[in-house]
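Q: I would like to see how this sequence folds:
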Amino acid sequence: MRLRVEFTTEPFDLEEAPAHAVAAREVIQRAQLDAVDVGPFGNTAEGEAGRVLAAVAALLRDSLESGATRVSLQVNVIGEETP
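A: Down below sits the predicted model:
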């Protein structure tokens, strides 16, 4: 199964990326996922379910430890027909 994760961390800082956003992006970039797209207002990545789920766990841990007060994420199954 393949999954797509989309996430943001808060609080936002329009001047520079906060430590929690950097931590979350580093997790995703190290996770050996496909189609990684990081941006100032949202981030996405796709990959095999086990890798995505492991990355999500690390993303939550690292971003919260780095000062995030909120992490919004969505995980979708991709590449398969869903009812």
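Q: wait, isn't Arg25 in contact with Gly42?
A: No: using CB atoms under 8 Å as the test, Arg25 is too far from Gly42 to be in contact (11.2 Å). In this view, the C-beta of every residue, glycine as well, is placed from N, C-alpha and C.
Q: Show me which of those two is the more surrounded one.
A: Neighbours per residue, other CB atoms under 10 Å: of Arg25 and Gly42, the larger number sits with Arg25, 21 against 12.
Q: What are the buried residues along whichever strand or helix holds that one?
A: Using DSSP states H and E, the element containing Arg25 is helix 19-30. Buried residues in helix 19-30, counted by 16 or more other CB atoms under 10 Å: 19-21, 23-28.
Q: likewise stretch 54-70?
A: Buried-residue list, stretch 54-70, by 16+ other CB under 10 Å: 55-56, 58-60, 62-64, 66, 68.
Q: Filter those residues down to the ones in helices?
A: Secondary structure defined by DSSP state H assigns 55-56, 58-60, 62-64 of these to helices.
Q: Dump those residues to a markdown table, plus pLDDT and distance to Ala49.
A: Shown next, in a markdown table, are those (pLDDT from 0 to 100; distance: CB to CB, whole Å):
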| residue | pLDDT | distance to Ala49 |
| --- | --- | --- |
| Ala55 | 96 | 11 |
| Val56 | 96 | 10 |
| Ala58 | 96 | 15 |
| Leu59 | 95 | 15 |
| Leu60 | 96 | 17 |
| Asp62 | 96 | 20 |
| Ser63 | 95 | 21 |
| Leu64 | 96 | 23 |
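Q: Give the residue spans of this protein that score low on pLDDT.
A: Within the chain, the set of residues satisfying pLDDT under 70 comprises 40, 80-83.
Q: how about a cut-off of 90?
A: 12-17, 21, 25, 29, 34-42, 79-83 (pLDDT under 90).
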